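Enquirer: Here's my sequence, what's the structure:
(4 chains)
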There are 4 protein chains.
Amino acid sequence: MTQQQEACSERVRGWWRTAIIDMAPGRIALRGRPVEELIGNVGLAEMIWLMLRGQMPQPGQAALLEAALVAAVDHGPQAPSIAAARMAATCGVGLNNAIATGVNMLGDVHGGAGEQCAELLNDIAARIDAGAPLGRAVEEGLSDWRARRGRIVPGYGHRFHKPVDPRAPRLMALVRAAAAEGTVSGRFADIGEAVQASVGRARGAPIAMNIDGATAVIFCELGFAPPLARGLFCLSRSVGILAHAWEQMCQGGRNKGPMPPECLPLHEEGGTG
Amino acid sequence: MTQQQEACSERVRGWWRTAIIDMAPGRIALRGRPVEELIGNVGLAEMIWLMLRGQMPQPGQAALLEAALVAAVDHGPQAPSIAAARMAATCGVGLNNAIATGVNMLGDVHGGAGEQCAELLNDIAARIDAGAPLGRAVEEGLSDWRARRGRIVPGYGHRFHKPVDPRAPRLMALVRAAAAEGTVSGRFADIGEAVQASVGRARGAPIAMNIDGATAVIFCELGFAPPLARGLFCLSRSVGILAHAWEQMCQGGRNKGPMPPECLPLHEEGGTG
Amino acid sequence: MTQQQEACSERVRGWWRTAIIDMAPGRIALRGRPVEELIGNVGLAEMIWLMLRGQMPQPGQAALLEAALVAAVDHGPQAPSIAAARMAATCGVGLNNAIATGVNMLGDVHGGAGEQCAELLNDIAARIDAGAPLGRAVEEGLSDWRARRGRIVPGYGHRFHKPVDPRAPRLMALVRAAAAEGTVSGRFADIGEAVQASVGRARGAPIAMNIDGATAVIFCELGFAPPLARGLFCLSRSVGILAHAWEQMCQGGRNKGPMPPECLPLHEEGGTG
Amino acid sequence: MTQQQEACSERVRGWWRTAIIDMAPGRIALRGRPVEELIGNVGLAEMIWLMLRGQMPQPGQAALLEAALVAAVDHGPQAPSIAAARMAATCGVGLNNAIATGVNMLGDVHGGAGEQCAELLNDIAARIDAGAPLGRAVEEGLSDWRARRGRIVPGYGHRFHKPVDPRAPRLMALVRAAAAEGTVSGRFADIGEAVQASVGRARGAPIAMNIDGATAVIFCELGFAPPLARGLFCLSRSVGILAHAWEQMCQGGRNKGPMPPECLPLHEEGGTG
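Expert: Next up, the predicted model:
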């Protein structure tokens, strides 16, 4: 028994067991592959896939994942995550803290729509697998979603981009092309568009698929579990968060608030008591 | 040797050694005192002192600490930490995540002025201990500060509260009263006011002591290390952060940005590239 | 129209409206009270109450709140929030970032039990208000909870403190004393203990009320909304998080991981793919 | 004047000015390029470059950036950032909060070595530009660094990977190949290796270049400002943080601490007081 093994029992080492990485002095293997063989030979999107899934993707799969990651990098300083990261960048914290501040806000409402949409799409797919035709599976899936989760159908509609979010049709065209090549099945594209049509009929006016809906279609086509729809969105939006935090650092400022300092919040009587 | 000891070697247990808490099933001792004896018998300010210092404070010491903690709870939604916490509260994260978002921003610029002021006051005190009279110690301390740390003397002046930050004179009066009672020495109050006078002379106009300066005087009088000036400020401001995050939750909203959604950031050419 | 009003329209100022704080240069009012009148005259627990509720508490109410806040300050480095804050303190971030790291982890599982227990207690109280006797209200409330939220009844049992969490009986004794004095009604103490008895019967063995259960009783007695049970816990635990982060800074270390560096995580085949 | 312009003055809109993104309903342009033209046509590494720099990179530049981003994705659960993210994943927070917890820890010590190394390399390059030969520029740069920043030369040596960090020689070979093709100048590779030799001579034993040193060479060759060395590292390590948080979610667990629950931290007398 070596000193190292004495210092740290199997029980403790097992507490931190992982299949992702295997290390020894001078050796790093990620998902079983020596890191020096990955560097320069695989792209960042492939690396993300490998780390999350354990195997390398096919080139067409990696391309589709990469398109989704590129699509969601930024939506400007009206987004609370971007604004908060820019404010943090003026408060005397590190760039990593500014990024974390932004990512921390990508919660159920701000960053979770893709995950929720993926849950919905998967639920409808399961209904089809159980024998329901597409139309009925969509109606039952939507009905069940509204009963359990509320009025908002995640992945559709945008308070700003009306009538069309320009990212969605481009992403959907890439999914259709990948399906034509056999890279993906295209079933989630069908489901996603059937949901879009149904939601539009229900409200009596067409509704656009948004970025969360389109990326959810892609992540489902590629076989990612719904929580990873949010996880992948975080990786993607981190790019914009970093770019904005860095731009703010270059612009300067100290303790940047949400409004110019000469503005004062309106005071209201009463309140939460 | 018990199974527990086998599972976790001394080396591992020592990795997490602490003098703050000692536990066994059914027993919790904080700084050597059973928790059930503390509950209901010590105040929150005393508990903060005990946890940070290892012993109980005298009543006058606890009262002065409590006054400083009360003074800094909030400075409104213009402060980036408060605004960010309110925005986070609309993004579908827990109240704990909203609080963390705010506290995370209390960095060197936003929350660090008290710590920096405490460093300055301690440096001047050390010069006095080494034999310099107050006036010379202040001038040399300020001169050295400006050479090493820049133009801004932390703890003095306020971009909004002109000419006086109403919290500072009240806190300083409490320090003077505590010194008269023998609770503290009053030397840091002397130093703090001498710094204020010197900075005012240097700029040719009186300058106010601000909340960071006044609380730094108190924390130095009470013997807290400078980094704890920031730590204690974080505890204090957490109160306001929580109050604002909660008010925002009650007001509602989804993905609240820094401006109403109909506003768009100005686009500028060029940029950081 | 002043320059300030021109710079920032009512629409923008209203976007950040608040009833918590009202400021003008040289003036800060918290919940309508000038800050300089609060400093030195109200305790930290009273201040927390004022900020969250809008009015000052009675002395007995403040004392009960303070007891709950003192009780939950720390549970040692086995708690992920404390361990993470200590690790962060060795990574070259500010003390505020270390605190935020810990608070950020007080999520639904780690810090949410008090909030969930408060929801359960309030639900049972509503059944009583609607006419059900205590016993039936408890059984129906528990049954409904288990159907909607799962097997675990929050606020009862502890994986470490068996058979008794020493904090709970002490807190409950304070509630009973406050009820005897008329400070609180005591109805949530009754409900909490009835739930404890019912859960014990269901599992065929007595179960202890834990810190989350006991503080939930107090927060309900005092009229705090359930989400504030988590919010108040965050304030309380922040004290321990700060104490541990600071102790770690004093101990030193760089990039402290969960185990001594000579330990290696066990590598396992397969994984999440 | 439209209602929108009335609601939000130029002063307020200018407060959030940005050159990164330009939006209108139905239109998103990133650095002047319509997002739908970017999706599917540029890779993630190119997108990162475009967002941070304002223009598209040459293919060889993008490939070198991508190699650096792939190299640093993970270093296992001994790293505090990875361990903390895994612990957070068991505390009932969102996957975004778990990622933020990890990124928040990539501070001056844990994630800042690349930034610091880039500062050192740039300082030496400036000395060469001012006329010093390589050898003297390195000695003077190192001497100045040690005087101002301390004993540790960032980017060299590794407490675990001895004698060689397998990522560094692979990355340096890619830099040399890119220099041979004219993609980069290769001057920072020369400087980086001259620093390595000098540090080795000073300690009387060869020292390895580590991942921070090798990626700093790349980021300097590509013209990124030193703070972006940390920013880009955060993007890269976010991949590993996500993979580990997700693996932990799949493994399950509640409130995972740093050691198995049967372990108790060693209690020590005395402490920080």
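
Enquirer: going forward, measure contacts and count neighbours with C-alpha atoms only.
Expert: Noted.

Enquirer: What residues does the stretch 151-273 of chain A have near chain B?
Expert: Residues of the stretch 151-273 of chain A lying near chain B by C-alpha under 8 Å from any C-alpha of the partner chain: A:247, A:250, A:254-259, A:261, A:264-265, A:271-272.

Enquirer: if I pick residue A:104, what's in contact with it?
Expert: Residue A:104 makes contact with A:81, B:97, B:101, D:96, D:97, D:99, D:100, D:101, according to C-alpha atoms under 8 Å, 6 or more residues apart in numbering or on different chains.

Enquirer: circling back: which of the residues of the stretch 151-273 of chain A next to chain B fall in helices?
Expert: Mapping these onto helices (DSSP state H) picks out A:247, A:250.

Enquirer: restrict the contacts of residue A:104 to those near chain C?
Expert: B:97, B:101, D:97, D:101.

Enquirer: okay, now the second one: neighbour count?
Expert: Okay, so that is residue B:101. 35 (other C-alpha atoms under 10 Å in any protein chain shown).

Enquirer: do the same with residue A:252
Expert: Residue A:252 is flanked by 12 other residues according to other C-alpha under 10 Å.

Enquirer: what's near enough to touch it?
Expert: residue A:90.

Enquirer: give me phi/psi at it?
Expert: Note on residue A:252: its backbone torsions stand at phi 90, psi -160 [degrees, to the nearest 10].

Enquirer: quick one on the thing from earlier: just the closest of the ones next to chain C among the contacts of residue A:104 to residue A:190, please.
Expert: Checking those against residue A:190 by C-alpha to C-alpha gives residue D:97 as the nearest, at 32.3 Å.

Enquirer: Now do that closest one against chain B, distance only.
Expert: 8 Å (C-alpha to the nearest C-alpha, to the nearest Å).

Enquirer: for residue A:106, same thing?
Expert: 7 Å.

Enquirer: what pLDDT does the residue nearest to that residue when sequence neighbours are not counted get?
Expert: Leaving aside its chain neighbours, residue A:106 sits nearest to residue D:96 (5.9 Å; criterion: C-alpha to C-alpha, 6 or more residues apart in numbering or on different chains). At residue D:96, the model reports a pLDDT of 98.

Enquirer: Tell me how many other residues crowd residue D:96.
Expert: Residue D:96 has 30 nearby residues by other C-alpha under 10 Å.

Enquirer: Same check on the one 10 residues further on?
Expert: Using other C-alpha under 10 Å, residue D:106 has 30 neighbouring residues.

Enquirer: what's the answer for residue A:136, then?
Expert: Neighbour tally, residue A:136, other C-alpha under 10 Å: 13.

Enquirer: got the buried residues for the helix or strand containing it?
Expert: Here residue A:136, judged by DSSP states H and E, is contained in helix A:134-149. Across helix A:134-149, burial judged by 16 or more other C-alpha atoms under 10 Å in any protein chain shown covers A:134, A:137, A:138, A:139, A:140, A:141, A:142, A:145.

Enquirer: Same list, those residues, but as JSON lines with pLDDT and distance to chain C please.
Expert: Below are the buried residues of helix A:134-149 laid out as JSON lines (pLDDT from 0 to 100; distance: C-alpha to the nearest C-alpha, whole Å):
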{"residue": "A:134", "pLDDT": "98", "distance to chain C": "29"}
{"residue": "A:137", "pLDDT": "98", "distance to chain C": "25"}
{"residue": "A:138", "pLDDT": "98", "distance to chain C": "25"}
{"residue": "A:139", "pLDDT": "98", "distance to chain C": "24"}
{"residue": "A:140", "pLDDT": "98", "distance to chain C": "21"}
{"residue": "A:141", "pLDDT": "98", "distance to chain C": "20"}
{"residue": "A:142", "pLDDT": "98", "distance to chain C": "21"}
{"residue": "A:145", "pLDDT": "97", "distance to chain C": "16"}
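
Enquirer: list the contacts for the residue in the stretch 151-273 of chain A that chain D sits nearest to?
Expert: Chain D sits closest to residue A:161 of the stretch 151-273 of chain A, with a gap of 4.3 Å, by C-alpha to the nearest C-alpha. Residues near residue A:161 by C-alpha under 8 Å, 6+ apart: D:24, D:25, D:26, D:27.

Enquirer: Of the residues of the stretch 151-273 of chain A next to chain B, which is the nearest to residue D:151?
Expert: The nearest one, if we look at these relative to residue D:151 and count by C-alpha to C-alpha, is residue A:250, at 29.8 Å.

Enquirer: Pull up the residues of the stretch 151-273 of chain A that are close to chain D.
Expert: A:160-167, A:170-171, A:174, A:227-228, A:230-231, A:234-235, A:238-240, A:242-244, A:246-247, A:259-260.

Enquirer: Quick check: the closest residue to residue A:48 other than its chain neighbours vs chain C, distance?
Expert: Leaving aside its sequence neighbours, residue A:48 sits nearest to residue D:239 (C-alpha to C-alpha, 6+ apart; 6.2 Å). According to C-alpha to the nearest C-alpha, residue D:239 and chain C sit 15 Å apart.

Enquirer: likewise residue A:105?
Expert: In terms of C-alpha to the nearest C-alpha, residue A:105 sits 11 Å off from chain C.

Enquirer: tally of neighbours for that residue?
Expert: Other residues lying near residue A:105 total 36 when counted by other C-alpha under 10 Å.

Enquirer: what's near enough to touch it?
Expert: Contacts of residue A:105 (C-alpha under 8 Å, 6+ apart): A:80, A:81, A:111, B:88, B:91, B:92, B:93, D:96, D:97.

Enquirer: was I right about the residue nearest to residue A:106 contacting residue A:110?
Expert: No - between residue D:96 and residue A:110 there is no contact, the gap being 10.3 Å when judged by C-alpha atoms under 8 Å.

Enquirer: Can you classify residue A:52 by secondary structure?
Expert: Assigned with DSSP: H, G, I helix; E, B strand; the rest coil, residue A:52 falls in the helix class.

Enquirer: Now do the buried residues in the host helix or strand of residue A:173.
Expert: In the assignment (DSSP H and E), residue A:173 maps to helix A:167-180. For helix A:167-180, the neighbour count (16+ other C-alpha under 10 Å) marks A:167, A:168, A:169, A:170, A:171, A:172, A:174, A:175, A:176, A:178, A:179 as buried.

Enquirer: Kindly export the next helix or strand along the chain from that helix (C-alpha atoms) in CSV.
Expert: Going down the chain from helix A:167-180, the next helix or strand is helix A:187-203, by DSSP H and E. As requested, the backbone C-alpha atoms of helix A:187-203 are provided in CSV (Å, rounded to 0.1, in the frame of the first residue of the first chain):
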residue,chain,number,x,y,z
ARG,A,187,-39.1,13.7,-36.4
PHE,A,188,-38.6,16.4,-33.9
ALA,A,189,-38.7,19.0,-36.7
ASP,A,190,-42.0,17.6,-37.6
ILE,A,191,-43.2,17.6,-34.0
GLY,A,192,-41.9,21.1,-33.4
GLU,A,193,-43.7,22.5,-36.5
ALA,A,194,-46.9,20.7,-35.6
VAL,A,195,-46.8,22.2,-32.1
GLN,A,196,-46.2,25.6,-33.7
ALA,A,197,-49.3,25.2,-35.9
SER,A,198,-51.4,24.0,-33.1
VAL,A,199,-50.4,26.9,-30.8
GLY,A,200,-51.1,29.3,-33.7
ARG,A,201,-54.6,27.8,-34.2
ALA,A,202,-55.4,28.0,-30.5
ARG,A,203,-54.6,31.7,-30.3
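
Enquirer: any idea of the angle helix A:187-203 forms with helix A:167-180?
Expert: 140 degrees (axes from the mean of the first three to the mean of the last three C-alpha atoms, to 10 degrees).

Enquirer: quick one: contacts of helix A:187-203?
Expert: With C-alpha under 8 Å, 6+ apart, helix A:187-203 has contacts from A:121, A:124-125, A:134-135, A:138-139, A:142, A:153, A:156, A:172, A:175-176, A:206-209, A:213-214, A:217-218, A:220-221.

Enquirer: Swap in 7 Å and give it another go.
Expert: Residues outside helix A:187-203 that contact it (C-alpha atoms under 7 Å, 6 or more residues apart in numbering or on different chains): A:121, A:138, A:156, A:206, A:207, A:209, A:217, A:220, A:221.
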